[in-house]
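> no sequence on this one, just coordinates:
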């Protein structure tokens, strides 16, 4: 960071953040307490509102017996936003349709809708984050207790440190800095904080639909900081995620499994048919064999291609992470293009066939192959489905088999992509340059992360995925961490981003489509 | 049966058998008791030695808690043979390597080696049978109690009625008839009666090896009556069973399963490789695609082909039993040839891939395909293995995949075939003609039933599979039965067979190979 190029305001803000690192990380004083309205907090034993205290809450949304901790975490987050001066609405989502052993339903944690500032001159940024976590136990292989934030060599280890408590607090810390320094808020803030992200964000989509004309009506931009950089060192902005079309291919022969001694050689075996169908899907180079499947894939533009050149990406490390010896491609560009912006087809397995160790000389009566095709712009799910069905029916017809074929697409999610030339991305890019001294990588994610697409599709607002965690943070793994550097510089980059967004006033209320390809 | 063509001896024997039907089936008198040596039977409560009494013993060798009933059944069978005048040796096999909940091993029932007659002028027939049964419970769908022999419309329902207590008793009844009528035994008898057939005949093969030069040294023929006719009405002799070569095809990529979002499109997926390998094995018509695999298959001779013409076989019924709508072949001959004397390849399933309901977007790291090839004369297992390995390695090499391929043959059993022109088969055929008034079907079994091949290979004696049960007896199923007709005429056919074998004296000690193709 070149301090000399900073504005006086930036210098003041960054200095404050640096000076209050320990406030943001661990218990050091009770400054926040003074902002807590007594109506919400009935006693003085309320935990401190910093990363150590948040990590200490076992807000695991996967295990039912920890649900009360998730709800406690939501109360804490609501109190923290209230202390910031926000008005907070904890929206109840009812109960989850999971029958517990004692016959009761499982209560869903509320979603927090927070609001801070309503200046009509300001743009409004809505921040989405979650404060539930993946399960973690010391005996899973953690070097430190997963619920005790522990600093080792500049890394802050603990469950939720990077996914997603750290980034949520970094955003709150950034807002807090403006408040503490009595600087006028450069933007209006909204918050959507949930507690079920690690368990499928139950109820969230419905809430967004309901609040489309309400809570979200005056939002300009939506920021999600629930991913990681591609690199350990170089910041990144994420502008796309692949969708996924999941398929079942069912081949049914008779009404019962048969013995291969008694029927082998005289019947059309359903599994043989299915194997042939699955073998027709993709060639050894990974190219999908379904006619026309690539027709709708957006052409690679020179501008887009250029984005890949500067990306910091360690092929060897990704290969080592995969455990495989050789990838299909050898250059960084080829690998990333095929992970992010081309479709891929993976066969996952077969239901109904013999799958145990050992051998069983069975001819299975009904087998269901499972595969999925990752979706990219501008593939259309119904078109993809039709092509898959046509192709498989065509291959099957040539086999002249009396068995019954049924192809279905039980699950499908569209891809998401944003326009990197949108002022929102340019603002984030400038904030990153200011804080980290370099331009971010513009990256995508090969996985299907529906959150950005859902926000964008439902609210019709521009969405940015703005991570502050590094590639090696180990979200969902043992020894999850965020580095002190990323947490503190991440706080600064959000503050700088607020200032950049403020400069966009007058630009953002245009009505162009938020995504180029959705 | 045309009584006019019977010899006086046959007439006397058959008349005796008809007159003693109820002795053979259910408790009616205590005639057998007079033959029981008091040394073996210490009290008079010993159950009657007829089919009803044998079926009443729950000699289920599959369920450990019924093992004591199997052992009781062996004692009964030993007593029955002793009462017949045989010397009986109950050979202990030790205990089974199965750890029970209480930490004890499970005792194996003994194998009974019985011997009746040692006239050097006579030929010696060794009869193999088993007196253990498959599990059975009324609630599985039995119309009657499975352990209470019940006659309905001429059928004797009960577990073990046809598999294998009925045929064992029919043989004993036939011997008993000669004894009761004080007719000199036309042959010397040996008996191998086991109690673990339904649980894999544990220990039997080892015993045969040990007794090869002892108990079996003076045996001329071995008779197994543990199968069924192909028809409900027409008798059959079985002269062949297919072998089986089971294969594992393992394709291994990295050291862990991967997510198809994070790695789909840039790696050689092991399951895609495996699907292609499996798809290379067999074409839609059931023809095996492994080069040279048919080279060793014995050519179909005109004489053999002729055997198929007269076979009574209901295609529609077999098709209905399979539950499939259309078979690969439409004529009786084609179907039976492909079930019995041509190899077939069935794919059974995949280990290591996703096999549950629903979808999991996984790229499995290591997958193992399982398939088997039914073996027929004169296929050689090591040759088959080499061809399979060569073929799969060849297909795999063309894919240029960095994954690791491993092909293995964890289980293999040779086929068995006997010469239908052997005097043994001709004698059985004549006995059948005498009793049933028609020639038997000469049939094979598409399944791998190792018992005949094991006896033949180890003892180097001629083996015949001589069933008396009908196609619809339902062995292993609910409502297992043997008809009164089959049980009683089966007793007669065994008696007639003894007389036919007696006529072979001087023929059988030639040293030709017992099987044509083994």
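Thanks, I have it. Predicted model only: the values in this text are computed from it and were never measured.
> so what's the residue located most distally from the centre of chain A up against?
What lies farthest from the middle of chain A is residue A:262; by CA atoms, centre = their mean that is 51.7 Å. Contacts of residue A:262 were listed using CB atoms under 8 Å, 6 or more residues apart in numbering or on different chains, and they are B:339, B:446, B:447. Backbone N, C-alpha and C define where each C-beta goes, glycine included.
> Same check on residue A:393?
So residue A:393 contacts A:405, A:407 (CB under 8 Å, 6+ apart).
> quick one on the thing from earlier: which element, helix or strand, includes the residue farthest from the centre of chain A?
helix A:260-263 (DSSP states H and E).
> where does chain A dip in pLDDT?
A:1-4, A:27-48, A:97-104, A:507-518 (pLDDT under 70).
> right, and the helix or strand after the helix holding residue A:262?
That would be, after helix A:260-263 and using DSSP H and E, helix A:270-279.
> So which bits of the helix or strand just after that following helix are buried?
Going down the chain from helix A:270-279, the next helix or strand is helix A:302-309, by DSSP H and E. Buried residues in helix A:302-309, counted by 16 or more other CB atoms under 10 Å in any protein chain shown: A:307, A:308.
> before we move on, what about stretch A:66-85?
A:66-67, A:69-84.
> Counting only helices, which of these make the cut?
A:67, A:69-83 (DSSP state H).
> which one of these is nearest chain B?
Of all these, chain B sits closest to residue A:67, with 23.3 Å by CB to the nearest CB.
> Pull the contacting residues for the closest one.
Taking CB under 8 Å, 6+ apart, we find residue A:67 in contact with A:61, A:106, A:107, A:109.
> 7 Å - rerun?
A:106, A:107 (CB atoms under 7 Å, 6 or more residues apart in numbering or on different chains).
> Check residue A:135 too.
Applying CB under 7 Å, 6+ apart to residue A:135 gives the contacts A:60, A:62, A:63.
> out of those residues, which one sits closest to chain B?
The closest of the contacts of residue A:135, once distances to chain B are taken by CB to the nearest CB, is residue A:62, at 16.0 Å.
> mind checking the SS state of the closest one?
For residue A:62, the secondary structure call by DSSP: H, G, I helix; E, B strand; the rest coil comes out as coil.
> So what does the most centrally placed residue in chain A look like in phi/psi?
Closest residue to the average C-alpha location of chain A: residue A:449 at 4.7 Å, with CA atoms, centre = their mean. When read as degrees, to the nearest 10, the backbone of residue A:449 gives phi -110, psi 100.
> I'd say it and residue A:241 touch.
Yes. The pair residue A:449 and residue A:241 passes the contact test of CB atoms under 7 Å, sitting 4.7 Å apart.
> quick revisit: show the contacting residues for the residue nearest to the centre of chain A.
So residue A:449 contacts residue A:241 (CB under 7 Å, 6+ apart).
> Neighbouring strands - and their directions - for the helix or strand residue A:347 falls within?
Element membership of residue A:347, judged by DSSP H and E, is strand A:345-351. Applying DSSP bridges to the sheet, strand A:345-351 is found paired with strand A:366-375 (antiparallel).
> between the next helix or strand after the partner strand and helix A:270-279, how many degrees?
Sequence-wise, the next helix or strand downstream of strand A:366-375 (DSSP H and E) is helix A:381-399. Computed by axes from the mean of the first three to the mean of the last three CA atoms, to 10 degrees, the angle separating helix A:381-399 from helix A:270-279 equals 130 degrees.
> which SS class is the residue in the stretch 351-500 of chain A that chain B sits nearest to?
Of all residues in the stretch 351-500 of chain A, residue A:447 sits closest to chain B, at 2.8 Å by CB to the nearest CB. Here residue A:447 is recorded as coil under three-state DSSP.
> Isn't residue A:495 up against residue A:173?
No. Between residue A:495 and residue A:173 there is no contact under CB under 7 Å: 8.5 Å.
> domains of chain A?
As recorded under automatic domain parsing, the domains making up chain A are A:3-240+A:416-502, A:243-298+A:341-413.
> Tell me which of those domains lies nearest to residue B:146.
domain A:243-298+A:341-413 (21.7 Å; CB to CB).
> got the end-to-end distance for the closest one?
5 Å (CA to CA, to the nearest Å).
> Please list the residues of the stretch 351-500 of chain A that sit near chain B.
A:351, A:353-357, A:359-365, A:370, A:372, A:374, A:399-402, A:410-411, A:446-448 (CB under 7 Å from any CB of the partner chain).
> Point me to the helix or strand that includes residue A:492.
Taking DSSP H and E as the criterion, residue A:492 maps to helix A:484-502.
> so how far is that helix off the chain centroid?
Distance, stretch centre to chain centre, for helix A:484-502: 20 Å (CA atoms, centre = their mean, to the nearest Å).
> Show me what it is packed against.
The contact analysis (3 or more CB pairs under 7 Å, 6 or more residues apart in numbering or on different chains; DSSP states H and E) places helix A:484-502 against helix A:8-19, helix A:165-180, helix A:423-436.
> any idea how far residue A:303 lies from residue B:174?
94 Å (CB to CB, to the nearest Å).
> whoops, residue A:290 was the one
Residue A:290 is 67 Å from residue B:174, where distance means CB to CB.
> quick one, strands of the stretch 101-250 of chain A?
With strands called from DSSP state E, counting those that start in this stretch, the stretch 101-250 of chain A shows them at A:106-107, A:111-116, A:124-130, A:150-152, A:155-157, A:188-194, A:221-224, A:236-241, A:243-252.
> Parallel or antiparallel, list what pairs with the third one.
Each strand pairing with strand A:124-130, determined using DSSP bridges, is listed with its direction: strand A:188-194 (parallel), strand A:221-224 (parallel).
> before we move on, what about the second one?
The pairing partners recorded for strand A:111-116 under DSSP bridges are strand A:87-91 (antiparallel), strand A:188-194 (antiparallel).
> Ok, the fifth one next?
Take DSSP bridges as the rule and strand A:155-157 pairs in its sheet with strand A:150-152 (antiparallel), strand A:481-483 (antiparallel).
> mind checking how far the strand holding residue A:347 is from the chain centre?
With CA atoms, centre = their mean, you get 24 Å for strand A:345-351.
> wait, isn't residue A:222 in contact with residue A:128?
Yes. If you go by CB under 7 Å, residue A:222 and residue A:128 touch, sitting 6.3 Å apart.
> Need the overlap of contacts for these two.
residue A:455.
> so how many other residues sit close to residue A:233?
If you count neighbours by other CB atoms under 10 Å in any protein chain shown, residue A:233 ends up with 13.
> Repeat that for residue A:389.
Residue A:389 has 18 nearby residues by other CB under 10 Å.
> which residues sit in contact with it?
residue A:407.
> and what of residue A:18?
residue A:488.
> quick one: it and chain B, what's the gap?
35 Å (CB to the nearest CB, to the nearest Å).
> to the chain's geometric centre, what's the distance from the helix holding residue A:262?
50 Å.
> circling back: ok and the strand holding residue A:347 relative to strand A:243-252, angle-wise?
Going by the same axes, to 10 degrees, strand A:345-351 makes 40 degrees with strand A:243-252.
> got the contact list for the closest residue to chain B within the stretch 101-250 of chain A?
As assessed by CB to the nearest CB, chain B sits closest to residue A:246 within the stretch 101-250 of chain A, at 4.7 Å. Applying CB under 7 Å, 6+ apart to residue A:246 gives the contacts A:372, A:409, A:410, A:411, A:412, B:359.
> Any idea what it is bridged to?
residue A:372, residue A:411.
> can you tell me how far it sits from residue A:342?
18 Å.
> for residue A:248, same thing?
24 Å.
> same deal with residue A:446?
In terms of CB to CB, residue A:446 sits 10 Å off from residue A:342.
> Neighbour count: the two, which is higher?
Counted by other CB under 10 Å, residue A:446 and residue A:342 do not tie: residue A:446 has more neighbours, with 25 against 21.
> how deep is residue A:235 tucked in, by neighbour count?
28.
> Ok, residue A:276 next?
21.
> Tell me who's in contact with it.
A:395, A:399, B:279.
> Swap in 10 Å and give it another go.
The contact partners of residue A:276, taken as CB atoms under 10 Å, 6 or more residues apart in numbering or on different chains, are A:251, A:395, A:396, A:398, A:399, A:401, B:275, B:278, B:279, B:282, B:283, B:284.
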